[in-house]
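1. How does the following fold in three dimensions:
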Amino acid sequence: MPQRTLATYWSLQFATGALMFFHTSYVLFLMSQGLDLFQVNLVNTAFMVTVLVMEIPTGLFADAFGRKKSIVFSLAVSGCAFIVYSQGQSFLHFALAEVLAGIGMALSSGATDAWVFDALKTKQFRGRTDTIFSRGAFAKSLGIILGGLVGSYLSKLDLSLPFLLSGLSFLVLAAISSRLIVETPDGNKKPMAFRQLVRRHALDGVKQELRKPKVAALIFLGMSFSFATMAPNMFWQPYFTQAGLNPEDLGWLFGGMFIITMLGNISVEWFGRNNRAALVSSYALIGCSLLAFWWLPQFLIPAIAFYYLHEFGRGLFRPVSLSMLNLYSASEHRATLLSFDSAAGGLGAVAGLIVSGWLAKNHGIELSWGASGFTMIILLGVGTLLWRRRKTV
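-> Numbers count the residues shown, from 1 in each chain. A predicted model of the protein is given here:
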């Protein structure tokens, strides 16, 4: 029944958010083990580089060997990574944990969404997939809020405790998921030779999908989204601290951010089946709200309002983008394509970190945010041109 598939998907999204207890103590734990802020960033870089490198191979694994295996392995590897993290005492130890966490993230990035889409299609589901993904994003955001609150109390006992309990919880979740997830017919495949696998899926498959104008436009818009949102993602804490908020206020601001993002997730339903309008609205909201920071450097309340408006747009973007990519891609290439989309987003994020960091350092946070907003609006126009071009042979 579709109801069981949906319940499994939404529960899994909620659990993977709620069982990560370390969101509020991650940097504090690393610094307590002797790392400085630059080393903390280097440790995080190990995670991002691993995700970029592993996105396509893990997408191939999901398409060739089954989405269920990929999801279960993702949870198990992530659990091991968190346990390794909890025992870390050196830079190299934490970097190793980040590599494991990156592999775990890459294993699930395309497989989970591809699994639920194909499972519903197998059951002749006639509802809206954008609503399915938006509610999944809502569930995960709700889980992150609850997990962060629990983790803040656990960290008072021991800063390593949130990582240890997260690791053990993920291993239990992997065992439960292996029983609950039912593989789709497309997932029950015989393994093929690696060279055939790479050629058929990574090369020919992705190349074939990118010939579709709408798919190419969505990949481009996802990469542009990651590029332009790095500045507000990285600099909101120093910006609002300079505006007069204390650390306790930032905690409440963070909770509000996730609530607004969740509202953006479920607002997909307001657009009916007009996914393109939702996508354009997301870009317009983010672009215009960030542009406003050029004129609001000294006004706290309007700044919070415009920042929350930008968060609403961010919450709207991902469910719509996922739904459209699943809709326009072929089933046999879907997990690989979603992994390719995630890798493209990762490249955009790396570029965004470099550019926005230089702008903020040399010209101020307000200009880096305003430039990000301007970039969103310009790149939306480029994405629209890609959308309208003819399919290539």
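
2. Report the secondary structure element holding K156.
-> Using DSSP states H and E, K156 sits in helix 129-157.

3. go on, E183?
-> Counting by DSSP H and E, E183 is part of no helix or strand.

4. How about the contacts made by it?
-> 66-68 (C-beta atoms under 8 Å, 6 or more residues apart in numbering). All C-beta spots, glycine's among them, are computed from the backbone N, C-alpha and C.

5. picking up where we left off before, now the helix holding K156: average pLDDT?
-> Predicted confidence along helix 129-157 averages 79 (mean pLDDT).

6. Got phi/psi on Y328?
-> As for Y328, its main-chain torsions (degrees, to the nearest 10) stand at phi -90, psi 0.

7. what angle separates the helix or strand following the helix holding K156 from helix 129-157?
-> Toward the C-terminal end, the helix or strand that comes next after helix 129-157 (DSSP H and E) is helix 161-180. Put simply, helix 161-180 runs at 140 degrees to helix 129-157, going by axes from the mean of the first three to the mean of the last three C-alpha atoms, to 10 degrees.

8. Point out the other helices and strands that helix 161-180 packs with.
-> Using 3 or more C-beta pairs under 8 Å, 6 or more residues apart in numbering; DSSP states H and E, the elements in contact with helix 161-180 are helix 2-18, helix 67-86, helix 129-157.

9. Could you give the separation of it from the chain centroid?
-> 20 Å (C-alpha atoms, centre = their mean, to the nearest Å).

10. Which parts of that helix count as buried, going by neighbours?
-> Applying a neighbour-count criterion of 16 or more other C-beta atoms under 10 Å, one finds 161-167, 169-171, 173-174, 177 buried in helix 161-180.

11. Which elements pack onto the helix holding K156?
-> Secondary-structure packing of helix 129-157 (3+ C-beta pairs under 8 Å, 6+ apart): helix 2-18, helix 111-122, helix 161-180, helix 247-266, helix 300-328.

12. can you rerun that using 6 Å?
-> Here helix 129-157 touches helix 2-18, helix 161-180, helix 247-266, helix 300-328, going by 3 or more C-beta pairs under 6 Å, 6 or more residues apart in numbering; DSSP states H and E.

13. most tightly surrounded among those helices?
-> For the helices and strands packed on helix 129-157, the stretch with the most neighbours on average is helix 300-328, a mean of 21; neighbours defined as mean count of other C-beta atoms under 10 Å.

14. V116 is in contact with Y9, isn't it?
-> Yes. Using C-beta atoms under 6 Å as the test, V116 is close enough to Y9 to be in contact (4.3 Å).

15. ok, V268 touching G136?
-> No. The pair V268 and G136 fails to qualify as a contact (C-beta under 6 Å) at a distance of 11.0 Å.

16. about what we covered before: compile the buried residues of helix 161-180 into CSV and extend it with columns for pLDDT and distance to V320.
-> As requested, those are exported to CSV (pLDDT from 0 to 100; distance: C-beta to C-beta, whole Å):
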residue, pLDDT, distance to V320
L161, 92, 38
P162, 89, 32
F163, 94, 33
L164, 95, 37
L165, 95, 34
S166, 96, 30
G167, 95, 33
S169, 96, 31
F170, 96, 29
L171, 96, 33
L173, 95, 28
A174, 95, 30
S177, 90, 26
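
17. what's the most distant pair in those?
-> L161 and S177 (24.0 Å; C-beta to C-beta).

18. Considering helices and strands only, name the one in this structure with the lowest mean pLDDT.
-> Of the helices and strands making up the chain, the lowest-confidence element is helix 194-197, at a mean of 50, by mean pLDDT, DSSP states H and E.

19. Pipe the helices and strands packed on helix 161-180 into CSV and attach distance to S32 per row.
-> Converted to CSV, those look like this (distance: least, C-beta to C-beta, whole Å):
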stretch, distance to S32
helix 2-18, 24
helix 67-86, 12
helix 129-157, 10
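
20. from the ones you listed, which stretch is densest packed?
-> Mean neighbour counts were compared across these using mean count of other C-beta under 10 Å; the top stretch is helix 67-86, at a mean of 23.

21. and that one, how far from the chain's centre?
-> What separates the centre of helix 67-86 from the centre of its chain is 17 Å, taken as C-alpha atoms, centre = their mean.

22. What is it packed up against?
-> Under the contact criterion of 3+ C-beta pairs under 6 Å, 6+ apart, helix 67-86 touches helix 91-109, helix 111-122, helix 161-180.

23. Give the other helices and strands that the second one contacts.
-> Helices and strands touching helix 111-122, by 3+ C-beta pairs under 6 Å, 6+ apart, are helix 2-18, helix 67-86, helix 334-363.

24. mean pLDDT for the helices and strands packed on helix 67-86: which is lowest?
-> helix 111-122 (a mean of 77).

25. and that one with helix 91-109, angle?
-> Orientation of helix 111-122 against helix 91-109 (the same axes, to 10 degrees) gives an angle of 10 degrees.

26. Tell me which residues of helix 111-122 come out buried.
-> Of the residues in helix 111-122, those buried by neighbour count under the rule 16+ other C-beta under 10 Å are 111-120.
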